[in-house]
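# Okay, sequence plus prediction incoming.
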Amino acid sequence: MVVIHRAMLGDLERLAACVGSAAEAAWPPSRMRAVCRYGTALLAAIAAHHREQEEILWPVITAVAGASVDLAPLADDHLAIRAAAGKTSRVLALLGTDPHAGGQECPAVSALHGILAEHIADEEAQVLPAMRRYLTAEAYRWCEREIRRKASLRDRMFTVPWLARYARPNERRRLLLIAGGWQAPMLLAAARPAYGRLEHRAFGRNDQA
């Protein structure tokens, strides 16, 4: 969860900077399309993460922790994040057709980053301690299996190399098992080249570990 949070915030920072400079940079249409594709995949990953929390992880926490944990404010945050993500999606659509219009709407991307950063701070302060206190290892492994089972191959072709990019060396092996199961090394090897090309086209560099 911590790596996913790191990846979401890191990429929203990159996306905001990218959208903000698009109008002045006179980028070719191919780069505009790459930014739109990457941004769309990022928004889909954020939406999937929150859906997995609401449908899988949080009900398990509520079942074992009861009234000791109140997740309602965090669920309300998800509604605000979805609204902000919708505005960002519209910015990406504008950027694909008119970089000047997209650049003018850069505050929408920054707003999404701000809302998400505040939500993540609250979540890590409340949910992570509750998970450590109340969830058994088997309950958490069940959540991992359900999250992995519901993820499509297309989704994992983005999320596995995306999360590997943001994972620290001591986090990567465990993270890949969660995201891809026993097939994770093969999935990463298959997905990383396409992810790296898209990242390079969108942001102009590729500094993956």
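On my side now, so go ahead. Numbers count the residues shown, from 1 in each chain.
# by contact count, what packs against the lengthiest helix in the chain?
Ranked by number of residues, the top helix in the chain under DSSP state H is helix 106-134. On a contact count with 3 or more CB pairs under 8 Å, 6 or more residues apart in numbering; DSSP states H and E, helix 106-134 meets helix 2-25, helix 58-65, helix 72-97. Using the backbone N, CA and C atoms, a C-beta is placed for each residue, glycine as well.
# could you check the angle helix 58-65 makes with that helix?
If you take axes from the mean of the first three to the mean of the last three CA atoms, to 10 degrees, helix 106-134 sits at 30 degrees to helix 58-65.
# ok so, going back, okay if I get the helices and strands packed on helix 106-134 as JSON lines plus distance to Asp155, mean neighbour count and mean pLDDT?
Formatted as JSON lines, the helices and strands packed on helix 106-134 follow (distance: least, CB to CB, whole Å; neighbours: other CB atoms under 10 Å; pLDDT from 0 to 100):
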{"stretch": "helix 2-25", "distance to Asp155": "13", "mean neighbour count": "19", "mean pLDDT": "88"}
{"stretch": "helix 58-65", "distance to Asp155": "20", "mean neighbour count": "16", "mean pLDDT": "93"}
{"stretch": "helix 72-97", "distance to Asp155": "16", "mean neighbour count": "16", "mean pLDDT": "91"}
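# The longest helix of the chain: which residues count as buried?
Of all the residues in helix 106-134, those buried under the rule 16 or more other CB atoms under 10 Å are 106, 108-113, 115-116, 119-120, 123, 127, 130-131, 134.
# do the same with stretch 138-153
For stretch 138-153, the neighbour count (16+ other CB under 10 Å) marks 139-140, 143-144, 147-148, 151 as buried.
# Next up, the contacts around Phe203.
14, 18, 38 (CB atoms under 8 Å, 6 or more residues apart in numbering).
# picking up where we left off before, where helices are concerned, which of the buried residues of stretch 138-153 count?
139-140, 143-144, 147-148.
# Between these, which has the least confident prediction?
Among these, Arg148 carries the lowest pLDDT, at 84.
# His194 - how many residues pack around it?
Just to correct that, residue 194 is Ala rather than His. Per other CB atoms under 10 Å, the neighbour tally for Ala194 reads 12.
# any idea how far it is from Ala137?
Distance, Ala194 to Ala137, using CB to CB, to the nearest Å: 34 Å.
# Provide the secondary structure category for the most far-flung residue of the chain relative to its centre.
Within the chain, the residue lying farthest from the chain centre (CA atoms, centre = their mean) is Ala67, at 28.9 Å. Here Ala67 is recorded as helix under DSSP: H, G, I helix; E, B strand; the rest coil.
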